[in-house]
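*Asks:* structure for this input, please:
(chains A and B)
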Amino acid sequence: MVQFHEHIITELLEDSNGGLVVTSSGLGLHKLISSLFLLHHHSQGCLLVLSATPPQKSSILRNYENDIQSQISGEVPNLPSEITSDLPANQRLALYTSGGIFFITTRILIVDLLTHRLPTTAVAGLVILNAHSLSDTSTEAFIVRILRSTNRSLYVRAFSDRPHSMVSGFAKAERTLKCLFVRKLHLWPRFQVYVAQDLERDPPEVVDIRVPMSTYMIGIQKAVIEVMDACLKEMRKTNKVDVEDLTVENGLFKSFDEIVKRQLDPIWHTLGKRTKQLVSDLKTLRKLLDYLVRYDAVTYLKYLDSLRASESFRSVWIFAESSYKIFEYAKKRVYHFGRTDSGKLGLSKPVSTKKRKLNDNKKDEVAQQCRAVKHDIVPLVFVCLKDQSTSTETRVVLEEVLEEPPKWKVLLDVLMEIQEERDKHALSGEEKDHLGDGDDNGIVLVACKDEYSCMQLEDCITNGSQKVMREEWEKYLLSKVQLQALPKRNAKKAKEPKGFGVLDGVVASAPGKKAEVSSISKQEHDALLAAASEVSKRINKDIVGEDDNQKHVDGGGSVKGKGKGKKKKGSAGEKTNNDVAPEDDAMEGGCLNEVFLRKHNQGLNAEFSREMKKLPPVVFYALESDKKILDILKPSTIIAYHPDIAFVREVEMYKAENPSRKAKVYFLFYEDSTEVQKFEASVRRENGAFESLIRQKSLMMIPVDQDGRCLGLDSSNEPQSVIPQNLITRKAGGRREAEKEMQVIVDMREFMSTLPNVLHQKGMRIIPVTLEVGDYILSPLICVERKSISDLFGSFASGRLYHQVEMMSRYYRIPVLLIEFSQDKSFSFQSATEIGDDVTPNSIISKLSLLVLHFPRLRIIWSRSLHATAEIFTSLKSNQDEPDEVKAIRVGVPSEEGVIENDVRAENYNTSAVEMLRRLPGVTDSNYRAIMDGCKSLAELAMLPMERLAELMGGQKAAKMLREFLDAKYPTLL
Amino acid sequence: MIAFFSYEDWLLSLTCLRYHLLHPDYLYFRIRELQKNFRLRIILCHVDVEDVIKPLLEVTRTSLLHDCTLLCGWSFWQTPKLLKFFSLEECGRYLETVKVYENKPADLIQGQMDGDYLSRLNHALTAIRHVNKTDVVTLGSTFGSLSHVMDASMEDLARCPGIGERKVKRLYDAFHEPFKREV
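*Replies:* Below you'll find the predicted structure:
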């Protein structure tokens, strides 16, 4: 355990009420919490852990297990377990009283608290993770309020490692403290003295490698930033947002969206389309910057292509001058087109083979040049393709550029360097002892952002980077083929020609080109397609080849073989373009060629892998997976491929905890890239957040009662039930009559939302039960179905709302639909432009009108916010009786005899028969009553002849439909 | 300020929050005067103030206590060429829609149903409580068609595997009990 963790814990334990701890990201919160677990003893009561994410849970658990093992103690403390809704209630109670440590979801905890299943005294304390996501309406706050009201000795320890989220919004830290009923805010930034001391005592050896970006990458980055800047300027013009926060630097972070959203949401409906588009454009641009340094050239181009296809024409940025550059450069990183005259093409075959050899030589050169970081573009293989479909005069030559991400080579370099160093050590024998004791397992950890880059990099160091690029390129071409669905000569399934799709549109829409743009782009397009079809042909033939000759030896080398054989194949195929007969020959030739080439390649591959054997063991780790891998793997060398601030802290922590172990860290940054900018900005941002928190802490006002306990947010509104019973007797024997306590019955499923919490704040008693009908029962007469806006649209579409309203109106005098808007969003359904010129069936207005027409008894409540809802509820309940819990549960659930109590219709109607009748085809709302008048029962209906049915249903068509359905032969099972 | 539109069996009254703030009692008095013989009574409220919570609460309460359905509309721009109330785009559209949809069946909001025979049969038979999809298959394959299922005797129903005593009774009752009970 690092020393500053001990400091944090001692400080936290000083106040018996607990406190809120905010640390810098990556400072090992999971370790802190597991050490807190060690201090827990089951005689104190149980310790409940709230709102932990699954990765957090698992890392806390693993750490705790380790801690226990290292501890020498007689009794084995029981491991923290999880309480889920699968456990039956009595089992949960047993667990609560056992005094263990439990991870629990807020929904179960609040229900158990409200039903008094969990005795509040059984809880020793709460540990709340991710405190930055708390608000005074969240369920966690509700739980703390209830527990605090009866259990005075309870402690609440809340943690957050996202300081920048703690400063968003007005006095957020203070509000969070109040809603948790704690007084102490503990701030532990990275620059805090103890933390800095611990982490800098023996810092890891750091090698900072700045990799220059290729010229095209720089070009793209510049263009994206230009567009971004333009968008921001445009946004400022709207005069709707506070300009101060709108900088390109902020634009690099996800939180930028939140800044904009917070400002714009309340007035969202008044915004024009253009502003809305700008907001989403900025998001897209941010992604583009991020992907530029993460993806390889081909994947990036693919992303751009799909972006162009999916992005609507409304997009502002796509038409900006600089955007054109983005697309152009991205394309140039992958391939480019040149023209040759027809004479040259006659020679194309021999020339290209020569070129190939040349290239092979070149490749060796390249391998040697690998150490040199500088060179940007590796021209790999030139493929000349005859443009089959169009003219014979001009040929378009597709040159594959396939620019590799510069970092790949550097990574390989670094790995080799590490190995060389080790070899040297091994030779000199100096470090033998060190290596021998198992302390240093020599693992190299490469940390990337996502799983995809992990896989790609792994592929890259085992198979060589060129091969990876080639595979990506082939995949890209293939996806083009699939999009285009070219007719192929030897295609097994005939595909229909669809005409020219994505790419054509893509190139043609690029603005600012010369007049001949279309013809060029057409040729480009055709050449691309031709290349693509070659690849797909190759693969098809490959399958055939594998079928009839078993010379296929090495699966690993096959793809490379494909790539290599491609040229030969292509020209062979073209020769036999028009006649089908010699095709078999050509194919065989192709196969032979291929086999030959494969062998050739195997040699190459073997060489390559021999070279690779020199590499140390490498493990790839995706930062997104959020596993605490450092403590498990104990790597000696760490390469931060995508530097991330939290990971840097984790490495520092790891080094501080294992001072004896050597740790060397390599950072791979793209020079002058937004990557660096973003990293530095994230450090600045965090420090800024802490500075603001420190300022807030000094100004904070937390109301405290005489025992020094925090009084919480609005103590005046404390629910009546909180006042201990003897208070009434103290007041002159209860002269003032205790106010009637309002009750609301709430469906269990509603505890996902925050309304029960707000109702409780208003002083109502919440009774959680499982309701068959409705969400809230306010009185014996009033039943409420709550819908948020998105819910409303969804349940109209699925028909669920209709059914729910139907059920409510069947069992309650006053069925109510509550439409709840959210506080920070605009109070309206739609913006003005969405109201069309005519009544359309899909508009929300139409659906709501229809609902109203069909359920004249339905009442609708329009609520501005949660608090407004609570107010309306109080006002509605004021002259009503309290609802009966037992009755409410029974509503809609049929008794043993199938008779439903209180069913208004059940007394007069055979409800299931009527329901079934209405579901039959041909039966509509307008004719079902007539049918019921005309025939007694369903059995009778089944016997009625067509003519009579037509009479009852008011039409031949409907009658025929029904009759046919009734008599339709049930399909046999076989 | 308040306009009334009454048709055969429904009535719609238009109000706005700004007016309500000036004359809080007006809505109440007008509603009280209304006759009870309308099947559906709608109050269409035009939301035209910034701070809606208090006035809207009052309007909600009034409409709820006097058996009126409340609809809210927001207006965005004025189109003076039309009638005055139609300048309230959304409110106007509500009025229009209610009139147009007066006799429209509720299919639109009942959710889409699959068209094939099996799912329709499922949909129909599961209207009876505790009948599940397996039972539908059993019934269908035993009796051959829906009309035969409806006409089956208690004994025949009881012979179906998986259909217990209570379910038999429930099915039989649904098919043979009259739609309308004699009171």
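*Asks:* quick one, helices of the stretch 201-350 of chain A?
*Replies:* Secondary structure of the stretch 201-350 of chain A by DSSP state H, counting those that start in this stretch: the helices cover A:215-237, A:248-251, A:255-264, A:273-294, A:297-310, A:321-332, A:342-346, A:348-369.
*Asks:* for the first one, which outside residues touch it?
*Replies:* If I follow you right, that is helix A:215-237. A:213, A:241, A:243, A:246-248, A:251, A:274-275, A:278-279, A:281-282, A:285-286, A:288-289, A:292-293, A:316-317, A:320, A:322-323, A:325-326, A:329-330, A:332-333, A:376-377, A:403, A:406, A:670, A:672-674 (CB atoms under 8 Å, 6 or more residues apart in numbering or on different chains). All C-beta spots, glycine's among them, are computed from the backbone N, C-alpha and C.
*Asks:* can you check the fifth one too?
*Replies:* Residues external to helix A:297-310 that are found in contact with it (CB under 8 Å, 6+ apart): A:284, A:288, A:291-292, A:295, A:318, A:326-327, A:330-331, A:333-334, A:401-405, A:469, A:472-473, A:475-476, A:479, A:502-503, A:505-506, A:509.
*Asks:* now A:Ser160: phi and psi?
*Replies:* With angles defined as degrees, to the nearest 10, A:Ser160 sits at phi -150, psi 140.
*Asks:* distance from the helix or strand bottoming out on mean pLDDT in chain B to the middle of the chain?
*Replies:* Ranking every helix and strand in chain B by mean pLDDT, DSSP states H and E puts strand B:3-6 at the bottom, with a mean of 74. Strand B:3-6 sits 22 Å away from the centroid of its parent chain (CA atoms, centre = their mean, to the nearest Å).
*Asks:* other SSEs contacting the helix or strand containing A:Ala959?
*Replies:* Per DSSP states H and E, A:Ala959 falls inside helix A:956-967. With contacts taken as 3 or more CB pairs under 8 Å, 6 or more residues apart in numbering or on different chains; DSSP states H and E, helix A:956-967 sits against helix A:946-953, helix B:146-150.
*Asks:* out of those helices, which is the most enclosed?
*Replies:* For the helices and strands packed on helix A:956-967, the largest average neighbour count (mean count of other CB atoms under 10 Å in any protein chain shown) is found in helix B:146-150, namely a mean of 22.
*Asks:* quick check: what element follows that helix along the chain?
*Replies:* Counting by DSSP H and E, the next helix or strand C-terminal to helix B:146-150 is helix B:154-158.
*Asks:* what sits up against that next one?
*Replies:* B:Thr142, B:Phe143, B:Ile163, B:Glu165, B:Val168, B:Lys169, B:Leu171, B:Tyr172.
*Asks:* so which strand or helix has the fifth one?
*Replies:* What that stands for is B:Val168. helix B:165-176.
*Asks:* what average pLDDT does that helix get?
*Replies:* Here helix B:165-176 scores 86 as its mean pLDDT.
*Asks:* ok, back up a step: in the helix holding A:Ala959, what counts as buried?
*Replies:* For helix A:956-967, a neighbour-count test (16 or more other CB atoms under 10 Å in any protein chain shown) marks A:Ala958, A:Ala959, A:Met961, A:Leu962, A:Arg963, A:Phe965, A:Leu966 as buried.
*Asks:* from these, which is closest to chain B?
*Replies:* When those are compared for distance to chain B (CB to the nearest CB), A:Leu966 comes out closest, at 4.1 Å.
*Asks:* quick one: the residue positioned nearest the centre of chain B from B:Cys72, how far?
*Replies:* Computing the C-alpha centroid of chain B and ranking residues by CA atoms, centre = their mean puts B:Ala106 first, at 7.4 Å. B:Ala106 is 22 Å from B:Cys72, where distance means CB to CB, to the nearest Å.
*Asks:* cool, B:Gly140 as well?
*Replies:* Taken as CB to CB, the span from B:Gly140 to B:Cys72 is 47 Å.
*Asks:* for A:Leu848, what are its contacts?
*Replies:* A:Leu848 neighbours (CB under 8 Å, 6+ apart): B:Leu71, B:Tyr94.
*Asks:* just confirm it is within a helix.
*Replies:* Yes. According to DSSP: H, G, I helix; E, B strand; the rest coil, A:Leu848 belongs to a helix.
*Asks:* now do it, the pLDDT please.
*Replies:* Looking at A:Leu848, the pLDDT reads 89.
*Asks:* now it: how far from B:Glu90?
*Replies:* In this structure, A:Leu848 and B:Glu90 are 11 Å apart, going by CB to CB.
*Asks:* please apply the same query to A:Ser98.
*Replies:* According to CB to CB, A:Ser98 stands 58 Å off from B:Glu90.
*Asks:* the two: who's more crowded?
*Replies:* Taking neighbours as other CB atoms under 10 Å in any protein chain shown, A:Ser98 and B:Glu90 compare with B:Glu90 leading, 22 against 14.
*Asks:* quick check: that one touching A:Ile845?
*Replies:* Yes. Contact criterion CB atoms under 8 Å: B:Glu90 and A:Ile845 qualify, at 7.0 Å.
*Asks:* tell me which other helices or strands the helix or strand B:Lys99 falls within touches.
*Replies:* According to DSSP H and E, B:Lys99 maps onto helix B:89-100. Packed against helix B:89-100 by the contact rule (3+ CB pairs under 8 Å, 6+ apart) you find helix A:844-854, strand B:10-16, strand B:40-47, strand B:69-74.
*Asks:* what's the angle from that helix to strand B:10-16?
*Replies:* Calculated by axes from the mean of the first three to the mean of the last three CA atoms, to 10 degrees, helix B:89-100 forms an angle of 180 degrees with strand B:10-16.
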